[in-house]
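Novice: A structural model of the following input is requested.
(chains A and B)
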Amino acid sequence: MQLAHQFAMESDKVTADMVEAMEFPHLSQRYSVMGVPKTVANGKGIAEGALPEEYLLANIFALVEKESGS
Amino acid sequence: MALLNDSVRAEVRTRFKELKNLVKIINFTQEIECQFCADTRRLLEEVAGLSDKLSIEVYNFVTDKEVAKKYNVDKIPATVIVGDEDHGIRFYGIPSGYEFGTVIESILMVSKRDSGLSAATKKKLAGLKHPLHLEVFVTPT
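Specialist: Now for the predicted structure:
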């Protein structure tokens, strides 16, 4: 969780929410949260479990590149 | 009765010696507080009371609509950690258990005004062209 907040701190393009899964079951359902931590970026699941800095970053950029169609 | 026991308070006080700049904790709740809203607010009030570098503002999600909109808060309990500016750091739900540590670390990070990320990661993030919204689902264990 801390890593997502670090990304938000670093970049003014990034916002990062901790979401307590049991208090917001509709969101957990929408993103099919089966295990935690689960990371969702722009509405798409990109990581299950805690990832090291470079892996989370790589997953984010894989998504960003897909979104921009390049 | 306090939510934080003496040993946790002492531990947090020790960590808070590292606080550098002012940090504002903004909490959104409602008048008839939801199940975890009251505990979240009390927890944050206790944390804010542990250092004079910290302040807390509590808003009513229902009547303070403009403020909620300003911070893009769409559900409660919500917690925003703000430095000189809003860095986009949010907690939805009570930050208890393991996530209590995350709140403390996020407060320290904002106070230092530095993400603490590696130079390579900072460089890569600087290349982001579009908004990126991360949501990390956790449970209070």
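Novice: excluding its backbone neighbours, what's nearest the residue of chain B found nearest chain A?
Specialist: Closest residue of chain B to chain A, Cβ to the nearest Cβ: B:G93 (2.4 Å). For the C-beta atoms, the positions are set from N, CA and C on the backbone; glycine is no exception. In space, and not counting its chain neighbours, B:G93 is closest to A:E20: 2.4 Å by Cβ to Cβ, 6 or more residues apart in numbering or on different chains.
Novice: hmm, the helix or strand harbouring B:A10 in reach of chain A?
Specialist: For B:A10, the element it lies in under DSSP states H and E is helix B:6-15. No. Using Cβ under 8 Å from any Cβ of the partner chain, helix B:6-15 never reaches chain A; the gap is at least 13.6 Å.
Novice: and that helix, what's buried?
Specialist: Neighbour-count burial for helix B:6-15, counted by 16 or more other Cβ atoms under 10 Å in any protein chain shown, picks out B:V8, B:V12.
Novice: what's the answer for stretch B:88-104, then?
Specialist: Residues B:88-96, B:99-100, B:102-104 are the ones in stretch B:88-104 that count as buried (16+ other Cβ under 10 Å).
Novice: for the residue nearest the centre of chain B, give me its contacts.
Specialist: Taking Cα atoms, centre = their mean, the centroid of chain B lies closest to B:I81, which sits 4.0 Å from it. Contact analysis of B:I81 by Cβ atoms under 8 Å, 6 or more residues apart in numbering or on different chains lists A:H5, B:V23, B:K24, B:I25, B:I26, B:H87, B:I89, B:F91, B:V103, B:S106, B:I107, B:V110.
Novice: rewinding a little: hmm, the residue of chain B closest to chain A is touching B:I76, no?
Specialist: No. Using Cβ atoms under 8 Å, B:G93 is not in contact with B:I76, being 9.1 Å away.
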